[in-house]
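Novice: have a look; sequence and predicted model below, questions after that.
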Amino acid sequence: MDGSDDECCYYYDAVDSDGDEEEEEEIIMLDEDDVGLLDGAALPPPEEEVEHRAICWAITKESLAAAQEQDLSMVMNLVNVERHNARALLAHHRWKMERIYDRLDMMGRDALLRDAGVVVLPEKSSSSGSSMAMAKTNPPGSVAVTCNVCFEEYPLGSVSAMDCGHCFCNDCWTEYFAAAVSDGSKQMRCMEVKCTAICDEAVVRLLLHGKHPGAAARLDRRLLEACVEASDAVRWCPSAPHCGRAIRVDGGGGGEERYAEVSCPCGAVFCFRCGGGAHSPCPCPMWDKWGAMRGGGEVDNLKWIVANTKSCPKCSKPIEKNGGCNHVTCTCGQHLCYACGAATGTLYMHICNRYKEEGGGGGVKVEMTAGGRQRLRFMHYYERFEIHTESYKEEQGKLGPAIDALARRLEADATLPWSGTRDARWPSAAHRRLLRCRQVLPRSYVLAYYMFGGGAATRREREEAAAQNRFEDLQGQLEHHVEVLSRTLAAAARPADAAEVVKAKRDADNLARVVEGLCAGMYRCVQDELLPLLVEPMNIAAYHPDGPAMAKEFPPATSVTGGAPPATRH
Amino acid sequence: MSTPARKRLMRDFKRLQQDPPAGISGAPHDNNIMLWNAVIFGPDDTPWDGGTFKLTLQFTEDYPNKPPVVRFVSRMFHPNIYADGSICLDILQNQWSPIYDVAAILTSIQSLLCDPNPNSPANSEAARLFSENKREYNRKVREIVEQSWTAD
């Protein structure tokens, strides 16, 4: 036991001294975050300037209506238009208020309205137009109007005119609106030939409610949801069954907020750009292709192979993994890597994340078909994807409760010295770091599958080789240290004496910092070195140590901000 | 039962009888006001002169908020008219307005005869000849004009 401990101590020293200069710098930098970790606070990203994170809001239907009302009121006051035209402006600018401010400054009111196809006649012309329109069909003083759709005569109280002055009977307007709702329209425009004026929302709602209440309700819902579908900054939560929330990401501009990963209060975690499950550092297009590929029956075979073909290289007995760590020990005493099946020493200095085309090792070179090579290549990446995915489930579902139990024991154990060891937050903090990095590993293999030799079109072959080497170095080290952290936490969760607990805490704290730095480094390598090589540009969500942003519930507005819109008519 | 569509169609028929546009004629079926027969006469001083082209207009209860389905029964040779007689015309599709009545529809189709829209060819041979070989195009038009006299 003592000998083994000494070996472990030597091991950590060896790791530190063998690390390259940049990693040493990162580790030194991370030392400054000791206080954060000890306090139990989330670690900031390992960069000198802490990145400002996009704020995420979870908006319920009620809050969405309130927020929409707020935007409508602002535009009505800002541009001095009726509600329906404010809505048309917002829709035209995809519900981005900044764009309306900018365009108003640049273009002026009239050009802004024209650009959005909004017809607002000046006051005098509007009156004149209305008078002329009525005069065309009736002598002065007449109290009846002929509708040009049904050709019937109506008293003034039974007809409606829109901003453009075109006037039709309410029955024809009603049927027209009902047909438009049935067609899926959100924007009601005038019936007159070539007229693009937008119909007054209040008139539309009033007429529809009277005769087609179902259509009126559908239109209301469609208008409410339109701002989510039109806006780049708002997206429906993809949960099924639907939780009813929309998620809004308020970023620092530049469109980067679209690449955020978001956690909805209902528990769904998703990529804001594509709506699928969170998948960084793998870009959306690669993740989509991977999902399509995994749907085939061939993958079921591979999954069986991954789960059932592990055996000890020494005694050939089948190997079953117990826990999340992939450095396993056979009952005969042999240590091995669960991912590739190779024998390893007790120090576990084993890295096997790179795919090597030769493969044969010392054996005779076997002639392989292109299909066979592709299958072997896929198998390499898929196997590690599957193994890390399973490890994540183990570490979340089984190790998690054990860590919670450990934290409770630490708080209750009065025999431990109060040098930070009894602080019960360190196991949970280290466990969170483990889960975070374990989530990232399978996705990094998907990226590698498509990025290196997977047909991704790249420029600059020399840069690609260097970037690939750097990425795979970071990935391999991350994988290795994640396994050590997993084993350390699993051991710490078992009952132990005070000295062992103190040592476990020190090891866990160190490893959490190391894996954190490696994970952040891998993201930077992907974003700054690999993805720029692609002919077709791709992006990924920025790295955050704590994973996807938690969307806060949008505070429901008790009243519409801003005053009532000024009366501009009558 | 008198629905808005039927009332409107009665009005359309009355206006067509009282004030018929030149070269247009139409009337509903005897026992079905939702199905009309119409005739468009080829405009004077054009290759279409003398033609009597028969059409059907099928209305639904959505009229006038939805356009009717209009189809030539006579054989046609025109860039915007399909082999089955259906017509590629904007006001019958996305540019429809409830303002358009039967007379307006038929007048627009009559105008289309001499003003094809080459950007949306429904008959590729007609579209090609119209732009490449006007003489052959006109000869083909006159051919269907003569056929329109005898076709039932």
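Specialist: Structure received. Residues are numbered from 1 along each chain as shown, chains lettered A, B, ... in the order given.
Novice: could you report the separation of residue A:355 from chain B?
Specialist: 53 Å (CB to the nearest CB, to the nearest Å). Bear in mind the C-beta positions are built from the backbone N, C-alpha and C, glycine included.
Novice: meant to ask about residue A:381
Specialist: Residue A:381 is 49 Å from chain B, by CB to the nearest CB.
Novice: distance of the residue nearest to that residue when sequence neighbours are not counted relative to chain B?
Specialist: Spatially, and ignoring its direct neighbours in sequence, residue A:381 is nearest to residue A:449 (4.0 Å; CB to CB, 6 or more residues apart in numbering or on different chains). Applying CB to the nearest CB, the value for residue A:449 to chain B is 45 Å.
Novice: quick one: residue A:449 and residue A:289 touch, right?
Specialist: No. If you go by CB atoms under 8 Å, residue A:449 and residue A:289 don't touch, sitting 9.3 Å apart.
Novice: give me the more crowded residue out of these two.
Specialist: residue A:449 (24 against 16; other CB atoms under 10 Å in any protein chain shown).
Novice: for the host helix or strand of the more buried one, which positions count as buried?
Specialist: Per DSSP states H and E: residue A:449 is located in helix A:425-451. For helix A:425-451, a neighbour-count test (16 or more other CB atoms under 10 Å in any protein chain shown) marks A:425-427, A:429-451 as buried.
Novice: packing partners for the biggest helix by length in chain B?
Specialist: In chain B, assigned by DSSP state H, the helix with the most residues is helix B:134-150. On a contact count with 3 or more CB pairs under 8 Å, 6 or more residues apart in numbering or on different chains; DSSP states H and E, helix B:134-150 meets strand B:52-58, helix B:124-132.
Novice: show the pLDDT at whichever residue of the stretch 101-250 of chain A sits closest to chain B.
Specialist: Nearest residue of the stretch 101-250 of chain A to chain B, counting by CB to the nearest CB: residue A:179, 3.7 Å away. Per-residue confidence (pLDDT) for residue A:179: 92.
Novice: who's the closest spatial neighbour of it, skipping the chain neighbours?
Specialist: Sequence neighbours aside, residue B:65 is the residue nearest to residue A:179 in space, at 3.7 Å (criterion: CB to CB, 6+ apart).
Novice: list the contacts of the one you found.
Specialist: Residues counted as contacts of residue B:65 (CB atoms under 8 Å, 6 or more residues apart in numbering or on different chains) are A:175, A:176, A:178, A:179, A:180, B:98.
Novice: that one looks like it's in a helix, true?
Specialist: No. Applying DSSP: H, G, I helix; E, B strand; the rest coil, one finds residue B:65 to be coil, outside a helix.
Novice: which residue ranges form the strands in the stretch 51-200 of chain A?
Specialist: Using DSSP state E, counting those that start in this stretch, the strands of the stretch 51-200 of chain A run over residues A:55-59, A:144-146, A:153-155, A:159-161, A:167-169.
Novice: chain B against chain A: which residues are in contact?
Specialist: Contact residues, chain B versus chain A (CB under 8 Å from any CB of the partner chain): B:4, B:7-8, B:11, B:15, B:62, B:64-66, B:97-100.
Novice: what sits against residue A:550?
Specialist: Neighbour list for residue A:550: A:56, A:263, A:265 [criterion: CB under 8 Å, 6+ apart].
Novice: tabulate the residues you listed (TSV), appending distance to residue A:380 and neighbour count.
Specialist: Formatted as TSV, the contacts of residue A:550 follow (distance: CB to CB, whole Å; neighbours: other CB atoms under 10 Å in any protein chain shown):
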residue	distance to residue A:380	neighbour count
A:56	36	23
A:263	32	20
A:265	39	15
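Novice: where's the dip in pLDDT among the residues you listed?
Specialist: Within these, residue A:56 has the lowest pLDDT, namely 83.
Novice: distance of that one from residue A:270?
Specialist: From residue A:56 across to residue A:270, the span is 11 Å (CB to CB, to the nearest Å).
Novice: so what's in contact with these two at the same time?
Specialist: Taking CB under 8 Å, 6+ apart as the criterion, residue A:56 and residue A:270 both touch residue A:262.
Novice: report the distance from stretch A:165-173 to the chain centre.
Specialist: Distance of stretch A:165-173 from the chain centroid (CA atoms, centre = their mean, to the nearest Å) equals 47 Å.
Novice: buried residues of it, list them for me.
Specialist: In stretch A:165-173, counting by 16+ other CB under 10 Å, buried: A:165, A:166, A:167, A:168, A:169, A:170, A:171, A:172, A:173.
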